[in-house]
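Undergrad: Quick one: sequence plus predicted model below, questions after.
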Amino acid sequence: MKTEHLISQIRQKKSFLCVGLDTDLDKIPAHLLDDEDPIFAFNKAIIDATHPYCVAYKPNIAFYEAYGLKGWKSLERTLEYLNVNHPEIFTIADAKRGDIGNTSTRYAKAFFDTMDFDSITIAPYMGRDSVEPFLEFGDRHTILLALTSNQGAFDFQTQKVGDRELYKEVLATSKTYKGSERLMYVVGATKASFLKEIRQIVPESFLLVPGVGAQGGSLQEVCKYGITKDIGLLVNSSRGILYASNGQDFAQVAAKKAKEIQGEMELELAKLP
Ligand SMILES: O=c1ccn([C@@H]2O[C@H](COP(=O)(O)O)[C@@H](O)[C@H]2O)c(=O)[nH]1
C-alpha cells in the first residue's frame, strides 16, 4: 500500500488506530474454543466489529507461531480475510526479523510474497544488508525498531554510541539505506518524552507506536510531539481492545474500546492546521 492511501484512510476514518491481533487461546472466550479454528473465529469477530474505527491490524507473529502449523494457518486465514474484505486496511506483520542479506531476502519473500502483508517490523541490529532486502519491495513498508516500549530499551537503545544514542543512530543511518522512503519506525508510547528529538531526525516518517492501553502509554502525550501535518502515526492497542471482555459480548466490547480510542484520535486530528 502506498503511504498516500494510508493517509487518506486516516483522514476518512478520523483514526490512526492499529488493532493488535495478539490472539491467545488462554484469553479468548471459552465458547470459541469448540470452533475448528478458534484463533480465526476470534480474529474474524474482532475485525468485523472494529474495522470502522481503525486503519491497520497488526498480528504479532509470536502468537501464531506458538501454535505451530495450526497457528500459521490461522494467520494465513486472518490475512486473507483482511485482504479480501478490507483491502484498504494496512496490515503489519509484527515479526521483528532481520538477518544476513541472503536470509533477509527469504524473510521478505515469506511476508511480502508468500503472505501478502503491507509491512513488517524489523530489528535493525544487523545493519544495512539485513534491512535493504525488505526495502526492495515497492509499496511495502519496513518498520524498524527504534525506541521500544519496554524497560529493556534502556539497556542498549538509549546508550551513547560515539556522540549520540543508539536509537538516534538507527534513525539517522537508516535514512541512507536504499529504499529508505519505505521505512517507518517503532517508538513505544511509553517513550513519548523522546518524540520531540525523534521528530528532529525523522520529521515526516510514519511511526508505529505500541504501548497505549495495557502498557500505560498516553495517546495525548504521543500526539503532542509525534503527530505531523500528514499524521505520521499509527498507534497500536492489542490487549486493551481484544480482551476488554471475555464473555459472549467480547466483540461488541472490543468495538466500544476501539471507538473510544478513535474518538480521542478525532480530537487530536481536529487540532491539526
Ligand atoms: O516496542 C514495542 C514493539 C512491539 N510491541 C508489540 O506491540 C503489541 C503491544 O500489545 P499491548 O497488548 O497493547 O501492550 C505487542 O504485540 C508487542 O509485542 C510493543 O509492545 N512494544
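TA: Structure's in. What do you need?

Undergrad: Give me every residue in this protein lying close to the ligand.
TA: Proximity of the chain to the ligand, by C-beta under 6 Å from any ligand atom, involves residues 20, 22, 60, 94, 148-149, 186, 188, 210-211, 213-215, 236-240. Heads up, the C-betas are built off the backbone N, CA and C, glycines and all.

Undergrad: One more pass at 8 Å, please.
TA: Within the chain, the positions lying close to the ligand (C-beta under 8 Å from any ligand atom) are 20, 22, 58, 60, 62-63, 94, 96, 121, 145, 147-150, 153, 186-188, 208, 210-215, 236-242.

Undergrad: Now the buried members of these.
TA: Neighbour counting with 16 or more other C-beta atoms under 10 Å marks 20, 22, 58, 60, 63, 94, 96, 121, 145, 147-149, 153, 186-188, 208, 210-215, 236-238, 240-242 as buried within the residues of the chain next to the ligand.

Undergrad: ranges for the strands of the stretch 1-150 of the chain?
TA: In the stretch 1-150 of the chain, the segments counted as strands under DSSP state E, counting those that start in this stretch are 17-21, 56-59, 90-97, 119-122, 141-147.

Undergrad: Same list, those strands, but as JSON lines with mean pLDDT please.
TA: Shown next, in JSON lines, are these (pLDDT from 0 to 100):
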{"stretch": "strand 17-21", "mean pLDDT": "98"}
{"stretch": "strand 56-59", "mean pLDDT": "98"}
{"stretch": "strand 90-97", "mean pLDDT": "98"}
{"stretch": "strand 119-122", "mean pLDDT": "98"}
{"stretch": "strand 141-147", "mean pLDDT": "98"}
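
Undergrad: circling back to that earlier point, in helices only, show me the residues of the chain next to the ligand.
TA: 62, 63, 153, 239, 240, 241, 242 (DSSP state H).

Undergrad: Chain neighbours aside, what residue packs nearest to the third one?
TA: Meaning residue 153. The spatial neighbour of residue 153 that comes closest, neighbours along the chain excluded (C-beta to C-beta, 6 or more residues apart in numbering), is residue 147 at 5.9 Å.

Undergrad: can you check the fourth one too?
TA: By the measure of C-beta to C-beta, 6+ apart, the closest residue to residue 239 outside its immediate chain neighbours is residue 214, 4.2 Å from it.

Undergrad: contacting residues for residue 83?
TA: Contact partners of residue 83, counting by C-beta atoms under 8 Å, 6 or more residues apart in numbering, are 91, 116.

Undergrad: just to revisit the earlier point, do I have it right that the residue nearest to residue 239 meets residue 238?
TA: Yes - with contact taken as C-beta atoms under 8 Å, residue 214 and residue 238 are classed as touching, separated by 7.2 Å.

Undergrad: can you give me the helices for the stretch 101-250 of the chain?
TA: Secondary structure of the stretch 101-250 of the chain, counting by DSSP state H, counting those that start in this stretch: helices at 101-108, 128-135, 153-156, 166-174, 195-201, 219-226, 239-242, 250-270.

Undergrad: ok, back up a step: okay, the strands of the stretch 1-150 of the chain in TSV with distance to residue 246 next?
TA: Conversion of the strands of the stretch 1-150 of the chain to TSV gives the following (distance: least, C-beta to C-beta, whole Å):
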stretch	distance to residue 246
strand 17-21	16
strand 56-59	19
strand 90-97	22
strand 119-122	27
strand 141-147	30
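
Undergrad: Apart from its neighbours in sequence, what residue is nearest residue 97?
TA: Distances taken as C-beta to C-beta, 6+ apart place residue 107 nearest to residue 97, at 4.4 Å, with adjacent residues excluded.

Undergrad: I figured that neighbour hits residue 130, correct?
TA: No - taking contacts as C-beta under 8 Å, residue 107 lies outside contact range of residue 130: 9.3 Å.
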